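In: my questions concern the predicted model and sequence given below.
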Amino acid sequence: MSASNSSKQLFSFYALFFFSLICSIKSDELQVLLKLKSALQSSSSDVFSSWDSSTSPCRFSGITCDGNGTVTQIELSNRMLAGVLPFDSICQLQSLEKLSMGFNSLYGAVTEDLNNCVKLQYLDLGNNAFTGAFPAISSLNQLQYLYLNESGFSGTFPWKSLENMSNLVQLSVGDNPFDPTPFPEEVLKLEKLNWLYMANCSLQGKIPAGIGDLTELIDLELSDNNISGEIPAEIVKLQKLWMLELYNNSITGKLPSGLGNLSNLEFFDASMNYLEGNLSELRTLTNLVSLQLFLNQFSGEVPAEFGEFKKLVNLSLYTNQLTGPLPQKLGSWAKFDFIDVSENFLSGPIPPDMCKQGTMKELYMLQNSFTGEIPATYANCSTLREFRVSNNSLSGTFPSGIWGLPVVESIDIELNQIEGEITSDIKNAKSLRIITAGHNKLTGELPEEISQAAALVKVKLNNNQLSGQIPSFLWSLQTLNYLDLSGNKLSG
């Protein structure tokens, strides 16, 4: 036999062997996927309608293959799936790089068989109903994305498993009832992280200074834990930070010096802590979209620079010890949505242009010392649902158009010195449920049109200067269950 023929036969042998191997792998992969389908057969989803034994797995809905026809991705998130995942079978897919099963109703345990998915780069099991502890996954050292949030995991989380995951970019383990633990040192070594979600996962103790080493972070969320101590000064090293959420902890002290250098910060929420000092560190955060610092112990004035923030749409500073006026241009630039500065010691006039863009929904400014008239501009704020300015020192005539705002649900102006009448505009207030306007200087008669505000549940107009007969048409308001007209000049 010639050397040429021998070479051809050898090539043919290897080609046949390789082809047989590929066919065997594809057959195995088909069986793995059919087993997955069987395990989730109770699901109310049609995703498996294309999963048929006569069809190539690469044509299955949610399955991606590489150029050789080998399964590399399972993307079945948010598909109304229910059942127990057979990880012993799934991890036989030797080229699997992505397993995305988030936002389903999967239950049972996640077994240690998950360790056999050694090529995984993306794992999403978040927003499910698993039980028990999450297993150690030290062998998954190629992971870049790990989402386990809100999935029912409990016990001790295997933080040491993260030590070899140097390429991890996003880590989400929040909203699981893990055993209480200090901030894990292993996380501080993941220097490529740009997203860290560890809210509501039983963290306790201080935020370590090492958090400043995670300089790629864009999103840092540590809310709803038992974190104490001060916000570490090193947090100002996180120059790429876009969102910082620390609310509902036991954090003390002042805002760290240099926080205002986080020029990319758009969302900052440190509400429900024990923070003190003034807000001057925030005056240069001109990209803020939402600032929430309610239920703290902040004092001093609201920085005048807030009035020039072009992106600000949400501001919540209630229940602090803030003093002085609000910037008069506050909320006038962007599509402002919400303000709550109640329960402070603020004074001066109400900023007039917070509904300038026609988008404001809620205005809460009660229990302060605001003075002057209510700006007439709010009579045109057709998106406003809540208008609450009670317990201030406001005066002047109440803008009549506010009574008739089409989606307003609550008008709360009591305990002021407001004058004027309840006008016929109220006939347009089809969503109005609550009027609390006692202890003011309102005059005139109650308009018959109030009977067209059919959603009214509570009307409190006591201690004003209303006159005339108590109108019988009030009793046509079928949902009305509270009415106080005492302390007026009404008869009948």
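Out: Structure received.
In: next up, the contacts around R79.
Out: By CB atoms under 8 Å, 6 or more residues apart in numbering, the residues touching R79 are 43, 45, 47, 62, 104. All C-beta spots, glycine's among them, are computed from the backbone N, C-alpha and C.
In: same thing with L193?
Out: L193 touches 168-171, 187, 214, 216-217, counting by CB under 8 Å, 6+ apart.
In: pull out the buried residues from stretch 178-198.
Out: 178, 183-184, 187-190, 193-198 (16 or more other CB atoms under 10 Å).
In: same check, this time on stretch 78-90
Out: Buried residues in stretch 78-90, counted by 16+ other CB under 10 Å: 79, 81-83, 85-87, 89-90.
In: can I get these in JSON lines including pLDDT, secondary structure and distance to K35?
Out: Output for these, formatted as JSON lines (pLDDT from 0 to 100; DSSP: H, G, I helix; E, B strand; the rest coil; distance: CB to CB, whole Å):
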{"residue": "R79", "pLDDT": "96", "secondary structure": "coil", "distance to K35": "17"}
{"residue": "L81", "pLDDT": "96", "secondary structure": "coil", "distance to K35": "14"}
{"residue": "A82", "pLDDT": "96", "secondary structure": "strand", "distance to K35": "16"}
{"residue": "G83", "pLDDT": "96", "secondary structure": "strand", "distance to K35": "11"}
{"residue": "L85", "pLDDT": "98", "secondary structure": "coil", "distance to K35": "11"}
{"residue": "P86", "pLDDT": "97", "secondary structure": "coil", "distance to K35": "6"}
{"residue": "F87", "pLDDT": "98", "secondary structure": "helix", "distance to K35": "11"}
{"residue": "S89", "pLDDT": "97", "secondary structure": "helix", "distance to K35": "5"}
{"residue": "I90", "pLDDT": "98", "secondary structure": "helix", "distance to K35": "8"}
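In: return the member of the residues you listed nearest to V341.
Out: Among the buried residues of stretch 78-90, R79 lies closest to V341 (CB to CB), at 43.8 Å.
In: where does that closest one fall, phi/psi-wise?
Out: When read as degrees, to the nearest 10, the backbone of R79 gives phi -120, psi 20.
In: how close does it get to F336?
Out: Note on R79: its distance to F336, by CB to CB, to the nearest Å, is 38 Å.
In: quick one on the thing from earlier: closest to S161 among the buried residues of stretch 78-90?
Out: F87 (15.3 Å).
In: for the nearest residue to the closest one once chain neighbours are set aside, which three-state class applies?
Out: Excluding its sequence neighbours, the residue lying closest to F87 (CB to CB, 6 or more residues apart in numbering) is D113, at 4.0 Å. With DSSP: H, G, I helix; E, B strand; the rest coil as the basis, D113 sits in helix.
In: just T323 next, same as before
Out: With three-state DSSP as the criterion, T323 reads strand.
In: that one is in contact with N344, isn't it?
Out: Yes. When contacts are counted by CB atoms under 8 Å, T323 is listed as touching N344 (7.4 Å).
In: and those two? which has more neighbours close in?
Out: N344 (23 against 16; other CB atoms under 10 Å).
In: still on that earlier bit, the residue nearest to F87: neighbouring residues, count only.
Out: What D113 shows, counting by other CB under 10 Å, is a neighbour count of 16.
In: that one: what's it in contact with?
Out: D113 touches 87-88, 90-91, counting by CB under 8 Å, 6+ apart.
In: nearest to G108, of these?
Out: F87 (10.1 Å).
In: that closest one: what's it in contact with?
Out: 110-111, 113-114, 116-117 are the contacts of F87 under CB under 8 Å, 6+ apart.
In: cutoff 7 Å now
Out: 110-111, 113-114 (CB atoms under 7 Å, 6 or more residues apart in numbering).
In: can I get the buried part of these as one ChimeraX selection?
Out: Per 16+ other CB under 10 Å, the buried members of the contacts of F87 correspond to this ChimeraX selection:
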select :110,113,114
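In: could you single out the nearest of the contacts of F87 to L330?
Out: Once CB to CB is applied, the member of the contacts of F87 that ends up nearest L330 is V110, at 48.5 Å.
In: from S77, how far out is that closest one?
Out: From V110 over to S77 the distance is 16 Å, taken as CB to CB.
In: can you point out the buried residues in stretch 425-445?
Out: Neighbour-count burial for stretch 425-445 flags 425-429, 432-442 (criterion: 16+ other CB under 10 Å).
In: next one: stretch 474-483
Out: 474, 477, 480, 483.
In: tell me which two in the residues you listed are the farthest apart.
Out: L477 and L483 (8.8 Å).
In: ok, of the contacts of D113, which one's closest to T156?
Out: After measuring the contacts of D113 against T156 - CB to CB - the closest member comes out as F87, at 19.8 Å.
In: next one: phi and psi at N68?
Out: Torsion angles, degrees, to the nearest 10, at N68: phi -90, psi 0.
In: also Q292?
Out: Dihedral angles (degrees, to the nearest 10) for Q292: phi -130, psi 110.
In: is the most centrally placed residue in the chain in a bridge, and if so with what?
Out: The centre of the chain sits closest to E245, judged by CA atoms, centre = their mean, with a distance of 9.6 Å. Beta-bridge pairing of E245 under DSSP bridges involves E221, D269.
In: surely it touches D219?
Out: No. Counting by CB atoms under 7 Å, E245 stays clear of D219, with 8.5 Å between them.
In: the residue nearest to G401 when sequence neighbours are not counted: neighbouring residues, count only.
Out: Once flanking residues are discounted, G401 sits nearest to A379: 2.7 Å by CB to CB, 6+ apart. Around A379 there are 19 other residues, counting by other CB under 10 Å.
In: quick one: the nearest residue to G468 once chain neighbours are set aside from S400, how far?
Out: In space, G468 comes closest to E445 once its chain neighbours are excluded; the distance is 3.7 Å by CB to CB, 6+ apart. Going from E445 to S400 by CB to CB gives 14 Å.
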